[in-house]
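>>> After the sequence you'll find the predicted model.
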Amino acid sequence: MTPFTILSAVAVPLIRDNVDTDAIIPSREMKSTGKTGLADGLFAAWRYREGRVPDPDFALNRPQYHDARILLGGVNFGCGSSREHAVWALAEYGFRAVIAKSFAPIFAGNCVRNGIVPVALDAVEEIADGNPVTIDLPAQTVSLPDGRTWHFAIGAEAKAMLIEGLDAIDLTLKHAPEIAAWQARDRAARPWIYLGIYLGEGV
Amino acid sequence: MVAPLGGEAALIAIDRIFLHERTGAAALNSLAAAGRGVADPSRVFCVMDHIVDTRPGRGDATLMPGGQAFITETRAACRAAGITLFDVGDPDQGIVHVVSPELGIVLPGCTLIAPDSHTCTQGAFGALAWGIGSSEAEHAMATGTLRVARPKTMRVTFTGALRPGVTPKDMILALIAHHGAGGGKGHVVEFTGAAVCDLDMEGRMTLCNMATEFSAMTGIIAPDEATFAYLAGRRYAPDPLPDWSGLRSDADAAFDAEIAIDAGSIAPMVGWGTSPEHSAPIDAAVPEDAPRRPLDYMGLAPGQPLAGLPIDAAFIGSCTNSRLSDLRRAAALLRGHRVAPGVVALCVPGSQAVKRAAEAEGLDRIFTDAGFEWRESGCSLCFYAGGEGFKPGSRVISSTNRNFEGRQGPGIRTHIASPETVAASAIAGEIADPRGLAA
């Protein structure tokens, strides 16, 4: 996962409430069992007109936003389906951060696992008129060229994972002895949770 | 909790994992490619529900372009990983959140995750059950744990009793309509109060199902005698059941947020827009201050009455409302009636077990005599995957959970409602109050 520290980039406004993951990547655009080949389907229903012709009125298609790497959203951004394809599509398109008034919880978690920073801030309308936008993750700030700056909150765990570009599974596997010890205790307390009887475990 | 991770985060044990064919192959293949195995395959299950065909006589082929690969690759990946699969044609196949409780896989006090947002459904059993993405599913399979920040808590109390003809679907739509689709703010929401305790397990599942539409991390209901009676004798449930009666919030427990709703004030609800928060009592009109974008999509105007709106199609199914009690209540209204001319109507039972039980009671005949198609179990047209779909531009009354733009297909206008309201509307050919039809 690519580490994220400071990014100055064009931010494209898509400031609507309840932008759902069906809108971000429609189910019919999830054509393979892999995690790639999704950028073309990003916002497909809004981005293209009949015959898959780009709609010039849609924000992502406007020339000034072609190099956007930050997406601006409204309330409850990323609601709906848990499909991580929504985040894979955003990442493949080139987005590194989403600044929105609030996030749906599954989407925010998926962002962190893929190196996209979910920044929750109410001031998205103000931020929208001041490109380029700078996100300083270690300082937890968003700032504009005119000096206006906002502080945002992010969980310590999510912040560390993003800054260091860590693989969560590698990190957790360092706790393998604690996990094994916990399961041994739990197997005695809640035997019904454990469905497998494996050779050598003496259950 | 297995280990603290600093701050509000902790490593917690995951007791049950459920996959489906839409994302199962992606997660399992990615795990295998990274040289990682599934830590305990006996506690991982998979089912074919999302894109499997629901037409009678189905096999692996689907109308969705490329759909068959999701099924065959998921099957191969499950075999390689040693995971229990409820395959196409299996008598236990069905929608994940219908099948898991039927088989006693979800249990009170357990943690259960699935790469599916409606996993919150299973919180109805007093489990911490929530939806996650593919990466988290891989993490849970590889390690038996997840890294989780301690969620905030909310209590939603439904006081009093529901009026006749009002259902759990109407309860959750009323909550979301009043407090917004973002109102749950990532909290774990405990549903409680007399009107919740009065619900059977299937009703509780409907209520918890749409916690994700409230932007909650999940919903949960304290287990009680109804829970224990439901689980007793199920295949994966322990026999005898352990004492789970202590799994409830303390009487003086403090929550980060509280909401109270008088259940007696709730009317049958119907969606009018493109978010579940765009819902109103069926005898109301589109709000005068409704935003323009959803109304343009839905072809509606402020002040327009909802009842009487002509419909093109009716759908009964989904992890929200496809269980036996849902089908019984809809069938009670359909008996002796016909679907209005020109209306396409589908009933998709939530599982093979639901389908068999419904057929044993003759419900299938009531549906087909009324003009409904009677399908094999699966998610079906709750969402459009590029295969089978409603006629473009159709107005659909649907017992599903999402009315997003294009959710059921490009340009499809979805009105979410209870199975009763779908049945009454199918007969009338227009959105209709089920209380007007004597069951």
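Alright, I've got the coordinates.
>>> Which helix in the chain has the most residues?
Just so you know, I chose chain A. Using DSSP state H to define each element, chain A has its longest helix at helix A:176-189.
>>> I was thinking of chain B, sorry if that wasn't clear
helix B:67-81.
>>> ok now that helix, how far from the chain's centre?
Distance, stretch centre to chain centre, for helix B:67-81: 24 Å (CA atoms, centre = their mean, to the nearest Å).
>>> What residues sit buried inside that helix?
In terms of neighbour count (16 or more other CB atoms under 10 Å in any protein chain shown), helix B:67-81 has its buried residues at B:Gly67, B:Gln68, B:Ala69, B:Phe70, B:Ile71, B:Glu73, B:Thr74, B:Arg75, B:Ala77, B:Cys78, B:Ala81. Bear in mind the C-beta positions are built from the backbone N, C-alpha and C, glycine included.
>>> same check, this time on stretch B:310-328
Buried-residue list, stretch B:310-328, by 16+ other CB under 10 Å: B:311-328.
>>> How about the closest residue to chain A within chain B: what's its closest non-neighbour residue?
Distance from chain A to each residue of chain B (CB to the nearest CB) is smallest for B:Ser42, at 2.8 Å. Spatially, and ignoring its direct neighbours in sequence, B:Ser42 is nearest to A:Gly196 (2.8 Å; CB to CB, 6 or more residues apart in numbering or on different chains).
>>> Roughly how far does that neighbour sit from B:Ala76?
21 Å (CB to CB, to the nearest Å).
>>> do the same with B:Ala32
For B:Ala32 relative to B:Ala76 (CB to CB), the value is 11 Å.
>>> Which parts of the chain belong to which domain?
Because you didn't say which chain, this covers chain A. A:6-166, A:167-203 (automatic domain parsing).
>>> wrong one, I was asking about chain B
According to automatic domain parsing, the domains of chain B span B:9-149, B:153-265, B:270-436.
>>> out of the ones you listed, which comes closest to A:Pro54?
Comparison of the domains of chain B against A:Pro54 by CB to CB identifies domain B:270-436 as nearest, at 16.7 Å.
>>> can you tell if the closest one touches chain A?
Yes. Shown here: domain B:270-436 in contact with chain A (CB under 8 Å from any CB of the partner chain) through B:275, B:277, B:293, B:383-386, B:402, B:404-407, B:410.
>>> list the buried ones in the longest helix of chain A?
In helix A:176-189, counting by 16+ other CB under 10 Å, buried: A:Ile179, A:Trp182, A:Gln183.
>>> Please apply the same query to stretch B:37-55.
B:38-41, B:43-54.
>>> B:Gly203 contacts B:Thr167, doesn't it?
Yes. B:Gly203 sits in contact with B:Thr167 when judged by CB atoms under 8 Å, with a separation of 7.2 Å.
>>> Contacts only, for B:Asp87.
B:Met48, B:Arg75, B:Gln93 (CB atoms under 8 Å, 6 or more residues apart in numbering or on different chains).
>>> what's near enough to touch the second one?
If a contact means CB under 8 Å, 6+ apart, then B:Arg75 has B:Met48, B:Leu85, B:Asp87 as its contacts.
>>> Over to the residue of chain A found nearest chain B. Which of the three states is it?
Chain B sits closest to A:Gly196 of chain A, with a gap of 2.8 Å, by CB to the nearest CB. Secondary structure, DSSP: H, G, I helix; E, B strand; the rest coil: A:Gly196 is coil.
>>> how many other residues sit next to it?
11 (other CB atoms under 10 Å in any protein chain shown).
>>> That one and B:Arg43 touch, don't they?
Yes. Using CB under 8 Å, A:Gly196 is in contact with B:Arg43, at 7.1 Å.
>>> And the pLDDT at the closest residue to A:Gly94 other than its chain neighbours?
Computed as CB to CB, 6+ apart, the closest residue to A:Gly94 that is not its neighbour in sequence is A:Arg69, at 5.5 Å. Looking at A:Arg69, its pLDDT is 98.
>>> repeat for the one 5 residues further on
According to the prediction, A:Gly74 has pLDDT 98.
>>> just to revisit the earlier point, which residues are contacting the longest helix of chain A?
With CB under 8 Å, 6+ apart, helix A:176-189 has contacts from A:Ile193, A:Tyr194, A:Val203, B:Val2, B:Ala3, B:Leu11, B:Ala13, B:Thr143, B:Gly144, B:Thr145.
>>> Pop out the phi and psi values for the second one.
In this case it means A:Tyr194. The phi/psi pair for A:Tyr194 (degrees, to the nearest 10) reads phi -100, psi 110.
>>> looking at it, it is touching B:Leu107, isn't it?
No. With contact defined as CB under 8 Å, A:Tyr194 does not reach B:Leu107; the gap is 11.9 Å.
>>> So which of the residues of domain B:270-436 next to chain A belong to helices?
Going by DSSP H, the helices hold B:Arg293 from those.
>>> In a markdown table: the residues of domain B:270-436 next to chain A, plus neighbour count and pLDDT.
Putting those into a markdown table (neighbours: other CB atoms under 10 Å in any protein chain shown; pLDDT from 0 to 100) gives the following:
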| residue | neighbour count | pLDDT |
| --- | --- | --- |
| B:Ser275 | 26 | 98 |
| B:Glu277 | 25 | 98 |
| B:Arg293 | 13 | 96 |
| B:Phe383 | 24 | 95 |
| B:Tyr384 | 20 | 94 |
| B:Ala385 | 26 | 92 |
| B:Gly386 | 19 | 90 |
| B:Arg402 | 27 | 98 |
| B:Phe404 | 25 | 97 |
| B:Glu405 | 23 | 97 |
| B:Gly406 | 22 | 95 |
| B:Arg407 | 26 | 96 |
| B:Pro410 | 14 | 93 |
